[in-house]
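J.: Sequence isn't available, so here's the structure alone:
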């Protein structure tokens, strides 16, 4: 009788240790998985989130903060749809994001594994999108990491820089209205505000 109780206790202890070891392995596997998750994937998980909670806030290298929803994401940039409906869409290089404020549910959701996607947008680079804005002749405000904003139209976008024709915001680019030109390295750009909605990107 005592032997039965002894073996029952031994079996319960073994089961308990087995569960603890399995939980530790699961935890370590999750830590390993999370160590390989890039910011890009966390942002992709925020795209199309339920909008019951406040929109995430994006702190940028120019000191600005944008409360916005993620509308699209490319290889090295994210398109944001600001909560302030008066503001145009924002195109932000991932390297310009200093911090993202979000609710706990969104933080947890963004850490979950995301389904593998292979859309054309996911492969587009920041320069590629800027070249599309050149083609569209879209009015923009280029916010620099130094804290200034320059308004105008992008005339050309190279491999690592753009040419901006300066003119009043909201005005079409006419040679007579251009007040100057700037050659801006991509590394100096904190974000680009479009004169239109996020659907443009």
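T.: Sure, I can see it. All figures in this text were calculated on a predicted structure; none of them were measured in a lab.
J.: check contacts around the closest residue to residue 186 other than its chain neighbours.
T.: For residue 186, ignoring the flanking residues on the chain, the nearest one in space by CB to CB, 6 or more residues apart in numbering is residue 160 at 5.2 Å. To be clear about C-beta, it is placed using only N, CA and C from the backbone, and glycine gets the same treatment. Applying CB atoms under 8 Å, 6 or more residues apart in numbering to residue 160 gives the contacts 127, 185, 186, 187.
J.: Give me the distance between residue 160 and residue 58.
T.: Separation of residue 160 from residue 58 (CB to CB, to the nearest Å) stands at 23 Å.
J.: Quick one: the strands in this structure, in order.
T.: 57-60, 65-73, 77-82, 90-93, 97-101, 139-144, 149-157, 161-166, 180-185, 189-194 (DSSP state E).
J.: count of neighbours near residue 120?
T.: 7 (other CB atoms under 10 Å).
J.: Oh, that last question was meant for residue 149, not what I typed.
T.: For residue 149, the tally of surrounding residues (other CB under 10 Å) stands at 16.
J.: What of residue 129?
T.: Neighbourhood size, residue 129 [other CB under 10 Å]: 21.
J.: Contact partners for the closest residue to residue 47 other than its chain neighbours?
T.: Closest residue to residue 47 apart from its sequence neighbours, by CB to CB, 6+ apart: residue 70 at 4.4 Å. The neighbours of residue 70, taking CB under 8 Å, 6+ apart as the test, are 43, 44, 46, 47, 49, 56, 78, 79, 80, 81.
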